[in-house]
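Chemist: generate coordinates for the sequence data below:
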Amino acid sequence: MRCVCFNLRKATRAVTQVYDRALQAAELKITQFTLLSVLNHAGPVPMQRLAEYIGMERTTLTRNLRPLERKRLVEILPGDDLRLRNVSITAKGKRALEKALPLWEAAQDRLEAELGHDTWDRIRKGLSQVTGKARAMS
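Modeler: Just a heads-up that it's a prediction; the model follows:
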């Protein structure tokens, strides 16, 4: 099938399964690990900016943050403007991220080795190009 969306989503589902299996011991999904990683580097961030950065709709982001908030790995607090909410990683979230990081690294290294460095580099650059072009079309 030549549908760009179908092929990207199919690849994403397969890769997601690799990371989710690897992160089971840390009781995290790759989507949760990614959010914790971004928040760990960014510090407290307005939810809208976080959604834009990771390329996710705000309602989807809220849905993905709920389990992390229930586990007290992130906290969502009102911003300066009552319409805005800021998201930040908690100390418990940082510990969960530290536990998950070696598991993520092992999955990452395995996937890169299976693909080969040159192939992965071409894919990464191609995906960046696809993202830019698709955003420009939106």
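Chemist: how much space between the residue lying closest to residue 4 once chain neighbours are set aside and residue 8?
Modeler: Once flanking residues are discounted, residue 4 sits nearest to residue 130: 7.4 Å by C-beta to C-beta, 6 or more residues apart in numbering. C-beta here means a position set from N, CA and C on the backbone, and glycine is covered the same way. Remark: distance between residue 130 and residue 8 (C-beta to C-beta, to the nearest Å) = 7 Å.
Chemist: closest to the centroid, which residue in the protein?
Modeler: Residue closest to the mean C-alpha point of the chain, counted by C-alpha atoms, centre = their mean, is residue 34 at 3.1 Å.
Chemist: so it makes contact with residue 54?
Modeler: Yes: counting by C-beta atoms under 8 Å, residue 34 does reach residue 54; the two are 7.1 Å apart.
Chemist: please pick out the residue of this structure most distant from its centre.
Modeler: Distance from the C-alpha centroid of the chain, by C-alpha atoms, centre = their mean, peaks at residue 1 (27.0 Å).
Chemist: show me what counts as buried in the lengthiest helix in the chain.
Modeler: Longest helix in the chain by number of residues (criterion: DSSP state H): helix 91-115. Under the neighbour-count criterion of 16 or more other C-beta atoms under 10 Å, helix 91-115 has 93, 96-97, 100-101, 103-104, 107 buried.
Chemist: closest one to residue 60 out of those residues, please.
Modeler: Set against residue 60, the nearest of the buried residues of helix 91-115 by C-beta to C-beta is residue 93 (19.5 Å).
Chemist: distance of the closest one relative to residue 32?
Modeler: Separation of residue 93 from residue 32 (C-beta to C-beta): 10 Å.
Chemist: mutual contacts of those two, please.
Modeler: 68, 73 (C-beta atoms under 8 Å, 6 or more residues apart in numbering).
Chemist: for this structure, which segments count as helices?
Modeler: Secondary structure of the chain (DSSP H): helices at 4-23, 30-42, 47-54, 58-70, 91-115, 117-137.
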